[in-house]
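**Q** model the structure of this input:
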Amino acid sequence: MHRQNERRVPRPGSYRAVVFDLDGTLLRETNSWGAMQRKLGPEYVDRSRERWRRYYTGDMTRAGFLEEQVADLRGREAILLDEIVAEVEYHEGVAAACTSLRAAGLRLAIVSAGLSAIAARVAADLGMHMHRANILHVADGLFTGDADLLVPPGGKEPAFRETLAALGVPAETVVAVGDSGGDVDMFRRAGLGVAFCPVSAETAAAADCVIDVPDMRQLLPLVLGEGRDLSTTDSGSSESRT
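**A** As a prediction, this is how the structure comes out:
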């Protein structure tokens, strides 16, 4: 694992896998939990704001935050999640980039602190080898208010390590791609950390490379090298921080 503030130069052609964040990285939606809150209605949005306030003031732990968020769903119809899954919108170039990466023999995965139902849809669409996210429990078409919280916000490292073990690849041969502070754990453990349209200066500073154009095809030169499967790439640039 590299130390914070060390910048590594990309080694195109040497990587065996790419692990993506989901919300804000592969998808235009930046927070699938927030999307769920919006589906629940205005009163739940207000409760979400109050929960964030308690979290930021230190009155609520990260684990408590997520448990309460899940409990809000108890008794609501699970079709709300189906609607969110059906409405996913990808960033530009995501499908083309994944096709090129798979064609080059790389294994692809998602590690998300969001919702597993969405990750499963995206993984199927993009030919991902595996995905890991949080699973909401449903019984008789209703949310139970319980969940398997496999990837807590801000704590992706255990899930990332388990994903690499399942893929059978060493960390130094993996590229991690994400957009927020929740992805920094992956950046530090992977062989290359790429911030895709990062939401903060801190996220950009923690990555080895920054892509500031919302087109995932800009990842390909970093992973595969110039001129490799780039026929669909349009204008834009990737910024390497070395």
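**Q** check this structure for its longest helix and report it.
**A** Ordering each helix of the chain by length in residues (DSSP state H) puts helix 42-56 first.
**Q** which outside residues touch it?
**A** 34, 37-38, 60, 62, 65, 68-69, 72 (Cβ atoms under 8 Å, 6 or more residues apart in numbering). The C-beta positions use only the backbone N, C-alpha and C, and glycine is treated the same way.
**Q** residues contacting residue 122?
**A** Contacts of residue 122 by Cβ under 8 Å, 6+ apart are 22, 26-27, 88, 90, 110, 128, 131.
**Q** can you check residue 206 too?
**A** By Cβ under 8 Å, 6+ apart, the neighbours of residue 206 are 4, 181, 184, 187-188, 193, 195.
**Q** one more: residue 135?
**A** Contacts of residue 135 by Cβ under 8 Å, 6+ apart are 116-117, 147-148, 150.
**Q** what's the span of stretch 194-204 from first residue to last?
**A** This stretch, stretch 194-204, spans 8 Å end to end (Cα to Cα, to the nearest Å).
**Q** can you check stretch 20-27 too?
**A** End-to-end distance (Cα to Cα), stretch 20-27: 11 Å.
**Q** ditto for stretch 207-217
**A** Start-to-end, stretch 207-217 (Cα to Cα) is 18 Å.
**Q** work out for me the element residue 108 sits within.
**A** strand 107-115 (DSSP states H and E).
**Q** please state the offset of that strand from the chain centre?
**A** Centroid displacement of strand 107-115 relative to its chain, using Cα atoms, centre = their mean, to the nearest Å, is 5 Å.
**Q** what lines up beside it in the sheet?
**A** Strand 107-115 pairs in its sheet with strand 17-20 (parallel), strand 130-139 (parallel), by DSSP bridges.
**Q** among those strands, which is nearest residue 209?
**A** strand 17-20 (12.8 Å; Cβ to Cβ).
**Q** now the residue lying farthest from the centre of the chain: how far from residue 70?
**A** The C-alpha centroid of the chain is most remote from residue 140, which lies 29.6 Å away (Cα atoms, centre = their mean). Residue 140 sits 18 Å away from residue 70, going by Cβ to Cβ, to the nearest Å.
**Q** ok, back up a step: pLDDT on the strand holding residue 108, on average?
**A** Mean per-residue pLDDT for strand 107-115: 96.
**Q** and the angle for whichever helix or strand comes after it with strand 130-139?
**A** Next along the chain after strand 107-115, taking DSSP H and E as the criterion, comes helix 116-126. Relative orientation of helix 116-126 versus strand 130-139 (axes from the mean of the first three to the mean of the last three Cα atoms, to 10 degrees): 140 degrees.
**Q** tell me the buried residues in helix 116-126?
**A** Buried residues in helix 116-126, counted by 16 or more other Cβ atoms under 10 Å: 116-123, 126.
**Q** CA atoms only for stretch 74-89, dumped as CSV, please.
**A** Written as CSV, here are the backbone C-alpha positions of stretch 74-89 (Å, rounded to 0.1, in the frame of the first residue of the first chain):
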residue,chain,number,x,y,z
ARG,A,74,-39.5,-0.6,7.0
GLY,A,75,-42.9,-1.3,5.6
ARG,A,76,-42.5,0.6,2.4
GLU,A,77,-43.0,-1.1,-1.0
ALA,A,78,-39.8,-2.6,-2.5
ILE,A,79,-41.0,-1.6,-5.9
LEU,A,80,-39.4,1.8,-5.1
LEU,A,81,-36.0,0.2,-5.4
ASP,A,82,-37.1,-1.5,-8.7
GLU,A,83,-37.9,2.0,-10.0
ILE,A,84,-34.5,3.3,-9.1
VAL,A,85,-32.8,0.3,-10.7
ALA,A,86,-34.8,0.9,-13.9
GLU,A,87,-33.9,4.6,-14.0
VAL,A,88,-30.1,4.3,-13.9
GLU,A,89,-28.1,6.6,-16.2
